[in-house]
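A.B. asks: Sequence and computational prediction follow.
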Amino acid sequence: MTRRLARLRPLLTAVLVVAILAGVWWTVRGQDWSVARPLVTGHAVPYLLAAAGCNIVALLCAMRSWASTLADLGHRLPNLAAARIYFVGVLAKYVPGRVWVVVTQARLAADAGVPGTATVAAFLLNVVVMLLTGLVVGALAGPAVLGDRGWWLLAPAALVVALLAWPGVVGRLAAVGARLVRRDLPAVGTGTATRAAVGWQLACWLVSGLHLWLLLMALGAPPGPALVAGVGGFALATVLSTLVVVVPDGAVVREVLIAVALVGLLPATGAGAAAIASRAVCLLTELAVAGAVLLGARLARRRHPDRPPTPLPATPVPVTPAPATGGPGTAAGR
């Protein structure tokens, strides 16, 4: 059954994407696309460059959030090493199924001496932080997307507050998860870096939403409403599209949700143009940052050929031993 589902996954993905594209075409057919013209003129260049800059800063914030989560599991990496592992793994999200991201990160982290169990745990915990904080920021666009039911997006705020108040729960959850899969998690952190992970991820959502705000400004949307819709709409659309795991990086799904969040600001064609431009900005900046990080890592190895590519610091973060599982050893490199 599992093999059959694996063979059907590409077909299901294609059917879903085609169905969504057909729905989008049916919605915008006959619309006036002249509203999107400002995005392909010289007037838009400063906005596009500023949008790219905002998204690059947001990507660095996301990397620091992931690295903080890993540090709370006892593995604090140098910035360049953490960036290499994170951003190369991010590129794997364009393959359907989130498993490829963590597989790639685990393989690269193994070179830095990080056990596979710790990498998987950091990935899963970081996904939880990303989803919860994204829903909190996405509450700004809740009324536009969900109407009267948008209030439920405030519920994750309570969980975020709980994480900030009792950050040590992250390490305990990681240890419990390791026991469930019969793996050892050698050490778990005190929880202090979890607060940093939440803070970095909140900053990521707020800054990344600014790129959509700038695109809306280029299309002539009013600044105030565009700021709320851009920041909240991008966060909410990204979180919800992340849950559609059969589509690489929520492709098309995210664009449709962004357009829905923006429909009160711009005509359907303008909202669609902003959503497509947002995807282009995100894709190009992710490729640029990943390429820059890989180039930096290669240059660092050339300057210090005898140094390991991703050394761990001499002073590890304070950790406490995780409860023994009695099971097999860690799954480094898996």
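C.D. replies: That came in fine, so what should we check first? Keep in mind that what you see is a predicted model, and the values were worked out from it rather than measured.
A.B. asks: Which parts of the protein are strands?
C.D. replies: 187-189, 319-321 (DSSP state E).
A.B. asks: Which one of the ones you listed has the poorest average confidence?
C.D. replies: For the strands of the chain, mean pLDDT drops lowest on strand 319-321, to a mean of 46.
A.B. asks: Give me the longest helix you can find in the protein.
C.D. replies: As assigned by DSSP state H, the longest helix anywhere in the chain is helix 268-303.
A.B. asks: in that one, what counts as buried?
C.D. replies: Neighbour-count burial for helix 268-303, with 16 or more other C-beta atoms under 10 Å as criterion, is recorded at 268-279, 281-282, 285-286, 289-290, 293, 297, 300. No exception for glycine: its C-beta is placed from N, CA and C like everyone else's.
A.B. asks: which stretches of the stretch 151-300 of the chain form helices?
C.D. replies: 155-165, 169-180, 192-218, 223-242, 253-262, 268-303 (DSSP state H, counting those that start in this stretch).
A.B. asks: Kindly reformat these as CSV containing distance to Thr119.
C.D. replies: Formatted as CSV, the helices of the stretch 151-300 of the chain follow (distance: least, C-beta to C-beta, whole Å):
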stretch, distance to Thr119
helix 155-165, 21
helix 169-180, 11
helix 192-218, 15
helix 223-242, 19
helix 253-262, 26
helix 268-303, 17
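A.B. asks: out of those helices, nearest to Thr117?
C.D. replies: Nearest to Thr117 among these is helix 169-180 (5.7 Å), distances taken as C-beta to C-beta.
A.B. asks: Now do the contacts for Ala51.
C.D. replies: 210-212, 214-215, 281 (C-beta atoms under 8 Å, 6 or more residues apart in numbering).
A.B. asks: what's the answer for Leu140, then?
C.D. replies: By C-beta under 8 Å, 6+ apart, Leu140 lies in contact with 228-229, 231-233, 235.
A.B. asks: Check Ala259 too.
C.D. replies: 268, 271-272, 274-275.
A.B. asks: With adjacent residues omitted, what lies nearest to it?
C.D. replies: Nearest residue to Ala259, sequence neighbours excluded (C-beta to C-beta, 6 or more residues apart in numbering): Ala271, at 4.2 Å.
A.B. asks: Can you tell me how far the one you found is from Gly264?
C.D. replies: To Gly264, Ala271 is 9 Å away according to C-beta to C-beta, to the nearest Å.
A.B. asks: now, among the contacts of Ala51, which is nearest to Ala141?
C.D. replies: Checking the contacts of Ala51 against Ala141 by C-beta to C-beta gives Leu212 as the nearest, at 10.5 Å.
A.B. asks: and the closest one, how many neighbours does it have?
C.D. replies: Neighbour count for Leu212, taken as other C-beta atoms under 10 Å: 31.
A.B. asks: Quick check, it in contact with Val231.
C.D. replies: Yes. In this structure, Leu212 is within contact of Val231 by C-beta atoms under 8 Å, at 7.4 Å.
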